[in-house]
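> Requesting a structural model of the entry that follows:
(one chain, ligands or ions: 1)
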Amino acid sequence: MTQDSIKIFCPATIANISCGFDVLGLALSAVGDEMVIKKVPIPGLRITKIIGLDLPKEVENNVAGVAGLAFMEASTYKGGFEIEIYKKIKAGSGIGSSAASAAGAVWGMNALLDAPFSKRELVQFAMAGEKLASGVAHADNVAPAIYGGFTLVRSTDPLDIIPIHAPKELYASIIHPHIEIKTSDSRKILKTSISLADGIKQWGNVGALVAGLFQEDYDLIGRSLVDHIVEPIRSILIPGFDEVKQEALNAGALGCGISGSGPSIFALSKGLATATRVTQAMSNVFVKMDLSYDPYVSEINTKGIQIIS
Ligand code: ADP
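Now for the predicted structure:
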């Protein structure tokens, strides 16, 4: 690449997608951060600017820095990098704020060096950043941010990522209620074992959802967007969750669930008009509760991270 500096769009992502806890994720177009990554002669990695959120600039305390250091350790590049982060995704929103920074840093550095690493390797580096944010090196947000579309993380060790077809008419609605839930807290309340009966229902739905996406079978996608294991426990942390979900389904959504570890709630719909109606119906619940929120309607972002300039 002849450029020494690039500006990139780093998409927000929905992890889990109801039945696919810790394995499924998708990338969004309507919301994401921007980052500027610069190649500089002075060795090392520096975060020179963060706009939009109060986050640490020290590389070892910022997910972008930790992911970037993992990249540089594996690289033969002798120079340095500078990173500017323009946050649009609020931290702790459940739509992959930390993942956008971790994925963006390593994707941008790779692009400036003419792509010595594969997408899979970039996910591996970005996972080091995710470990800083949540204590667990999970890939269900960074994989769709880097690959685009839907992804399934079959295994994290060894890392095995399967890109999944995104049906053209599928749109996502997201409502982010302004309450704080820490990923680490929402992990703590989960049980560590499940019943065989729940397991059977859950993997039936994961398999059927993946088939529904590849076959563009919207009814099957809708029938499969069910979570028997995590949602019944985690939804207790989100005020109004049951009502928001009911209103989304009444307005025509195929399915509705918790985005990542919450508090954002997502719905998937066929067609932009339905998705817009669904977003409105979900918003109305929080208006009634006098709870402030951010609403988004988005197509599925099949490209993932992209160069803006
Ligand atoms: P989300 O699911 O929205 O990413 P998390 O709770 O997983 O939210 O991650 C947010 C945590 O990561 C916060 O504690 C935040 O301070 C920390 N963090 C460190 N660097 C960043 C960054 N560049 N962007 C977002 N969050 C960051």
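> Which positions in the stretch 151-300 of the chain make contact with the ligand?
Of all the residues in the stretch 151-300 of the chain, those in contact range of the ligand (CB under 6 Å from any ligand atom) are 182-183, 260. Bear in mind the C-beta positions are built from the backbone N, C-alpha and C, glycine included.
> Most neighbours out of those residues, which is it?
residue 260 (29 neighbours; other CB atoms under 10 Å).
> thought that residue was touching residue 17?
No - with contact defined as CB atoms under 8 Å, residue 260 does not count as touching residue 17 (9.7 Å).
> Where do the strands of this structure begin and end?
Using DSSP state E, the strands of the chain run over 5-15, 24-40, 44-51, 80-86, 150-156, 159-164, 170-177, 255-258, 265-270, 293-299, 306-307.
> Residue 132 is nearest to which of those strands?
The closest of those to residue 132 is strand 44-51. By CB to CB, the value is 13.3 Å.
> quick one: strands adjacent to that closest one?
strand 80-86 (parallel) (DSSP bridges).
> can you give me the angle the partner strand makes with strand 5-15?
With axes from the mean of the first three to the mean of the last three CA atoms, to 10 degrees applied, the angle from strand 80-86 to strand 5-15 works out at 60 degrees.
> Any buried residues in strand 80-86, and which?
81-86 (16 or more other CB atoms under 10 Å).
> With stretch 65-74 instead?
65-72.
> likewise stretch 235-252?
For stretch 235-252, by 16+ other CB under 10 Å, it's 235, 237-241, 244-245, 247-249, 251-252.
> Kindly report the same for stretch 16-33.
For stretch 16-33, by 16+ other CB under 10 Å, it's 16-21, 23-33.
> Next one, pLDDT for the residue nearest to residue 294 when sequence neighbours are not counted please.
Nearest non-adjacent residue to residue 294, counting by CB to CB, 6 or more residues apart in numbering: residue 176, 4.4 Å away. On pLDDT, residue 176 comes in at 98.
> One more: residue 92?
89.
> So what does the residue lying closest to it once chain neighbours are set aside look like in phi/psi?
Take residue 92 and drop its neighbours on the chain: the residue closest to it by CB to CB, 6+ apart is residue 180, 5.6 Å away. Note on residue 180: backbone dihedrals following degrees, to the nearest 10 are phi -110, psi 130.
> Use 125 as the first number from now on
In the new numbering, first residue 125, that becomes residue 304.
> what's the burial count for residue 304?
The tally of other residues near residue 304 (other CB under 10 Å) stands at 10.
> on that earlier part again, could you pull up the residues touching the residue nearest to residue 418?
Contacts here follow CB atoms under 8 Å, 6 or more residues apart in numbering; on that basis residue 300 touches 214, 217-219, 387-388, 417-420.
> which strand residues sit across from residue 204 in the sheet?
Beta-bridge partners of residue 204, as defined by DSSP bridges: residue 164, residue 168.
> hang on, isn't it packed against residue 168?
Yes - with contact defined as CB under 8 Å, residue 204 counts as touching residue 168 (4.7 Å).
> Identify each buried residue in the worst-scoring helix or strand of the chain on mean pLDDT, please.
Every helix and strand of the chain was ranked by mean pLDDT, DSSP states H and E. The lowest is helix 307-312, at a mean of 78. Buried residues in helix 307-312, counted by 16+ other CB under 10 Å: 307, 310.
> Can you give the distance from that helix to the centre of its chain?
On the basis of CA atoms, centre = their mean, to the nearest Å, the separation between the geometric centre of helix 307-312 and that of its chain is 16 Å.
> quick one: contacts of that helix?
With CB under 8 Å, 6+ apart, helix 307-312 has contacts from 216, 257-260, 358, 361, 384-386.
> rerun at 7 Å
257-259, 358, 361, 385-386 (CB atoms under 7 Å, 6 or more residues apart in numbering).
> And those residues, which is closest to the ligand?
residue 257 (3.5 Å; CB to the nearest ligand atom).
> Show me what the lengthiest helix in the chain is packed against.
What stands out as the longest helix in the chain, according to DSSP state H, is helix 320-339. Counting contacts by 3 or more CB pairs under 7 Å, 6 or more residues apart in numbering; DSSP states H and E, helix 320-339 packs against strand 283-288, helix 342-348.
> you'd agree residue 346 is up against residue 377?
No - look at residue 346 against residue 377 with CB atoms under 7 Å: they stay out of range, at 8.1 Å.
> In terms of neighbours, single out the busier of those two.
A side-by-side neighbour count of residue 346 and residue 377, using other CB under 10 Å, places residue 377 first with 27 against 18.
> any idea what sits nearest that one, other than its immediate chain neighbours?
The nearest residue in space to residue 377 (CB to CB, 6+ apart) is residue 391, at 3.9 Å.
> so who does that neighbour touch?
297, 372, 377, 379-380, 402, 406.
> Farthest pair within these?
Spanning the widest gap among these are 379 and 406, at 12.8 Å by CB to CB.
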